[in-house]
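> My questions concern the predicted model and sequence given below.
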Amino acid sequence: MPVAVACLVPALCFGQPAPDTVPPACAAFLGAWSGTWSQGFYGTQRIHVSHVSDQCVATLSYSPTEATPQVAHSIPIQEGVMAFGCSVPGGTCRLEVKDGELRITFTAPSGFVNTGVFRKDR
């Protein structure tokens, strides 16, 4: 049975490879990412994925500024995609790693769609 390794200071653990038991499509999410949205002029924002379990559950934290994200959530990765409720009530976020970039799509209940491209910092 694999032994789980906890990172007590997630900001110091980026760049460490995922254990061999984590599927590559899930391990691709690991890292500190920064990027911008296509609409909104929000400036650079940050997403940290500090851990991915061998069951493809990621520990994700987000900052709407360049500050280090502080609050983390456990988000399952299914078929290479993280999808979860976010932002305004009823809004959804979809994250996917393509060509080494974290691609994000936000969809509001009104039909408004915003996309973002985030690149690994480390």
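Yes, it's here.
> What lies in contact with stretch 76-92?
Identification of contacts with stretch 76-92 by Cβ atoms under 8 Å, 6 or more residues apart in numbering yields 25-26, 28-29, 52, 56-58, 60, 73, 75, 93-97, 106-109. Glycine gets a C-beta too; all of them are placed from N, C-alpha and C.
> Could you rerun that using 10 Å?
For stretch 76-92, contacts defined as Cβ atoms under 10 Å, 6 or more residues apart in numbering pick out 22-29, 49, 52-53, 55-58, 60, 62, 64, 73-75, 93-98, 102-110, 112, 114.
> Residues touching stretch 34-43, excluding its own?
Contact partners of stretch 34-43, identified using Cβ under 10 Å, 6+ apart, comprise 44-48, 63-66, 101-106, 112-121.
> Show the buried residues in these.
45-48, 63, 102-106, 114, 116, 118, 120 (16 or more other Cβ atoms under 10 Å).
> would JSON lines of these with secondary structure and pLDDT be doable?
JSON lines is the format used below for those (DSSP: H, G, I helix; E, B strand; the rest coil; pLDDT from 0 to 100):
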{"residue": "45", "secondary structure": "strand", "pLDDT": "86"}
{"residue": "46", "secondary structure": "strand", "pLDDT": "87"}
{"residue": "47", "secondary structure": "strand", "pLDDT": "89"}
{"residue": "48", "secondary structure": "strand", "pLDDT": "90"}
{"residue": "63", "secondary structure": "strand", "pLDDT": "77"}
{"residue": "102", "secondary structure": "strand", "pLDDT": "96"}
{"residue": "103", "secondary structure": "strand", "pLDDT": "97"}
{"residue": "104", "secondary structure": "strand", "pLDDT": "94"}
{"residue": "105", "secondary structure": "strand", "pLDDT": "95"}
{"residue": "106", "secondary structure": "strand", "pLDDT": "93"}
{"residue": "114", "secondary structure": "strand", "pLDDT": "93"}
{"residue": "116", "secondary structure": "strand", "pLDDT": "93"}
{"residue": "118", "secondary structure": "strand", "pLDDT": "94"}
{"residue": "120", "secondary structure": "strand", "pLDDT": "93"}
